[in-house]
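Colleague: Sequence and predicted model, in that order:
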Amino acid sequence: MDKPSLKYSVAIMTLEKAGVAYETLIHCLKRQTVLPQKIVVYLAEGYTPPQQISDEIIVTCKKGMAYQRALSYDEINTEYILQCDDDVYFAEDSVEKLLMALHEND
């Protein structure tokens with residue numbers, strides 16, 4: 001089966017306390033079988049920005065679970081957004097499987 005042609009970006013919510021887990025997340029996103037168009041890191045105000053690992057964009061926003069998730073995402077222009085915290089890991093084909101399910105089920 002062919003890879004889905006759906007485009008997506010990643011929105012990462014952080015207070016930048018995840019350390020190595022944050023680095024691992026960025027690296028696993030860059031190894032996905034379907035790569036994101038953009039990775040945007042939403043950092044709560046008052047926290048030190050994480051060290052840039054790749055080409056991710058860091059945007060400051062209000063602190064709080066609701067604030068960091070209920071944004072307008074002006075920096076993202078793809079139809080789909082993979083929203084996650086800074087301490088998760090995805091297998092290399094995780095996003096491909098998610099996009100394939102979207103494609104197959106309209």
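Modeller: Arrived safely.

Colleague: Could you list every helix and strand in contact with the lowest-mean-pLDDT helix or strand in the chain?
Modeller: Lowest on mean pLDDT, DSSP states H and E among the helices and strands of the chain sits helix 65-69, with a mean of 77. In terms of contacts (3 or more CB pairs under 8 Å, 6 or more residues apart in numbering; DSSP states H and E), helix 65-69 is packed against strand 8-14, strand 39-44. Yep, even glycine has a C-beta here, placed from its N, CA and C like the rest.

Colleague: and the next helix or strand after the longest one, what does it pack onto?
Modeller: Put plainly, it is strand 8-14. Proceeding N to C from strand 8-14, the next assigned helix or strand is helix 20-29, under DSSP states H and E. Contacting helix 20-29 under the criterion 3+ CB pairs under 8 Å, 6+ apart are the following elements: strand 8-14.

Colleague: tell me the angle the strand it packs on makes with strand 39-44.
Modeller: 20 degrees (axes from the mean of the first three to the mean of the last three CA atoms, to 10 degrees).

Colleague: what pLDDT, on average, does strand 8-14 get?
Modeller: Taken as a whole, strand 8-14 has an average pLDDT of 94.

Colleague: Output the contacting helices and strands for that strand.
Modeller: Going by 3+ CB pairs under 8 Å, 6+ apart, strand 8-14 lies up against helix 20-29, strand 39-44, helix 65-69, strand 80-85.
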